[in-house]
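Structure, please.
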Amino acid sequence: MGDTLKIKLTIAGRVYPLTIAPEQEQSLRLAAKRIESTINKLEQNYAVRDKQDVLAMCTLQFAAQLEAQKNTSTEDSSAIEKIKDLVDLINVHVVTY
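The predicted model follows:
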């Protein structure tokens, strides 16, 4: 591995050493911060004693957000395709006149 970076991320009180590409560092650190923030919110709002339960709830929350983004992305792609079709239709009519 030519250009790698060794970092340590702490999630739910555990340290995870990682070897990553330098361009991944910022997104991984932000993701770890977001996970920690979500864990803290969940622990404050719910009487959860087990870290595994909090991590499962956190994972479910992130997965639900990802699914919602996928649906939005699919809808956006569909709208873009319709717009392209309309532009093509307009171009055909403008060229023929």
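
What about residue 38, how many residues nearby?
Residue 38 is flanked by 17 other residues according to other CB atoms under 10 Å. All C-beta spots, glycine's among them, are computed from the backbone N, C-alpha and C.

Going by neighbour count, list what's buried in stretch 55-75.
Buried residues in stretch 55-75, counted by 16 or more other CB atoms under 10 Å: 55, 57, 58.

Sort out for me which of those residues are in strands.
Judged by DSSP state E, strands contain none of the buried residues of stretch 55-75.

Including distance to residue 42 and pLDDT, could the residues you listed go into JSON lines?
Output for the buried residues of stretch 55-75, formatted as JSON lines (distance: CB to CB, whole Å; pLDDT from 0 to 100):
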{"residue": "55", "distance to residue 42": "9", "pLDDT": "92"}
{"residue": "57", "distance to residue 42": "5", "pLDDT": "91"}
{"residue": "58", "distance to residue 42": "6", "pLDDT": "91"}
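
Out of these, which is nearest to residue 23?
Of all those, residue 23 sits closest to residue 58, with 25.2 Å by CB to CB.

wait, what's in contact with the closest one?
Listed by CB atoms under 8 Å, 6 or more residues apart in numbering, the contact partners of residue 58 are 35, 38, 39, 42.

what about 10 Å?
11, 12, 34, 35, 36, 37, 38, 39, 41, 42 (CB atoms under 10 Å, 6 or more residues apart in numbering).

try residue 32
Residue 32 makes contacts with 7, 8, 9, 10, 11, 16, 18, as judged by CB under 10 Å, 6+ apart.

pLDDT wise, what is it at?
At residue 32, the predicted lDDT confidence score is 94.

follow-up on the earlier one: max pairwise distance over the contacts of residue 32: which two?
So, the contacts of residue 32 by CB to CB: farthest apart are 7 and 11, at 12.5 Å.
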